[in-house]
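Asks: Everything below, folded, please.
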Amino acid sequence: METWQYLINKVQKQELEYIAFTFKQIWQRINKWVFEKVFKSPTEVWTAARIEWNNFIEAKDDMGTRSLLIHQPIRRDVEWQPPDEARYKVNWDVGFKTSTSKMGAGIIIRNFEGEVIVALSMPRAPVSDPSVVEANALWRAVVLCEEIGITNAVFEGDARNIISEVQQTDQSFAWYGQIIEDIKLIYNTRQRWTIQYAPRECNLAAHKLAQFAIQCDNELVWLEDIPEWMNECIQLEKNVILRMNI
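Replies: Presented below is the predicted three-dimensional model:
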């Protein structure tokens, strides 16, 4: 208790929340060993705490958004929007499963009619910072566009920090900075590529692919012919175009 009281007086609230999740994971690690003889490495503890903390921050943001929406009219712009006719939209997202520390990334590329050009689910090994997975997902999206010859595209995701790093001209000194610099090497030579932030409500298809990736052992790619479990989500987002044409 003395340690916790000391931290309350010395540490900022957000850092304190992260410490609390770390303490929780340490306690669970002890119980796993004592009662089940299951050993979790310090890296696994760190990763699980980081993921759980990120999910907590995201949930708080979502709750704040929902409380605001109660008193506001429904915004039609808070949903997937098609690109201009000559462009493609590239959405990417990542998913985490705290109980297993598994991570995955989802990428989907669509044209101005909402038709799927390619979709991808990519499992990722656990890391201590989810930003690394976000950066890797964007890197895979950039390479995917290179592979299929897309030269006019808007990249859209909800990772503000990654998007900001890519948009900056200065070198990234984040510990995932080399991934950012690799992205910029390609991105900065494509005059008709842009990148922008969009909330997860605008990114549901990519999020669904990311959640599926958590269950996968290998990367899966669908060219035009998407899996059936994606149909409802794709149609829901295509309805935006129908409303625009009314």
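Asks: okay, CA-based contacts and neighbour counts for the rest of this
Replies: Will do.
Asks: give me the low-pLDDT residue ranges for the chain?
Replies: Residue ranges of the chain with pLDDT under 70: 1-16, 18, 43-77, 98-101, 127-128, 246.
Asks: Which residue ranges of this structure form strands?
Replies: Counting by DSSP state E, the chain forms strands over residues 88-97, 102-110, 116-124, 153-157, 193-197, 220-223, given from the N-terminal end onward.
Asks: other SSEs contacting the shortest one?
Replies: For strand 220-223, the packing partners by 3 or more CA pairs under 8 Å, 6 or more residues apart in numbering; DSSP states H and E come out as strand 116-124.
Asks: returning to that earlier point: tell me which of the strands of the chain approaches Val240 most closely.
Replies: Closest to Val240 of these is strand 102-110 (CA to CA; 13.4 Å).
Asks: can you map out the helices along the chain?
Replies: All helices of the chain, identified by DSSP state H, fall at 2-10, 13-36, 42-69, 130-148, 160-167, 177-187, 204-213, 231-244.
Asks: Show me what the last one is packed against.
Replies: To tie it back to what came earlier, the one meant is helix 231-244. helix 204-213.
Asks: what angle do the helix it packs on and strand 102-110 make?
Replies: 140 degrees (axes from the mean of the first three to the mean of the last three CA atoms, to 10 degrees).
Asks: Other residues contacting helix 204-213?
Replies: Helix 204-213 has contacts (CA atoms under 8 Å, 6 or more residues apart in numbering) with 80, 91-96, 103-108, 119-123, 200, 219, 230, 233-234.
Asks: Over to stretch 188-197?
Replies: Contacts of stretch 188-197 from elsewhere in the structure, counted by CA under 8 Å, 6+ apart, are 151-160, 163, 167, 187.
Asks: Type out the ChimeraX command that picks the buried ones from the contacts of helix 204-213.
Replies: In ChimeraX syntax, the buried subset of the contacts of helix 204-213 is picked out as below (16 or more other CA atoms under 10 Å):
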select :80,91,92,93,94,95,96,103,104,105,106,107,108,119,120,121,122,123,200,234
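Asks: Could you measure from Phe173 over to Gln211?
Replies: In this structure, Phe173 and Gln211 are separated by 29 Å, where distance is defined by CA to CA, to the nearest Å.
Asks: Please say which of those two ends up with more neighbours.
Replies: For Phe173 versus Gln211, neighbours defined as other CA atoms under 10 Å are more numerous around Gln211 (23 against 11).
Asks: Domains in this structure, by residue range?
Replies: Under the assignment automatic domain parsing, the domains of the chain span 2-69, 88-244.
Asks: Adding distance to Ala137, write the strands of the chain out as JSON lines.
Replies: Below are those laid out as JSON lines (distance: least, CA to CA, whole Å):
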{"stretch": "strand 88-97", "distance to Ala137": "7"}
{"stretch": "strand 102-110", "distance to Ala137": "6"}
{"stretch": "strand 116-124", "distance to Ala137": "8"}
{"stretch": "strand 153-157", "distance to Ala137": "10"}
{"stretch": "strand 193-197", "distance to Ala137": "14"}
{"stretch": "strand 220-223", "distance to Ala137": "14"}
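Asks: out of those, nearest to Ile241?
Replies: Of all the strands of the chain, it is strand 102-110 that lies closest to Ile241, at 12.5 Å by CA to CA.
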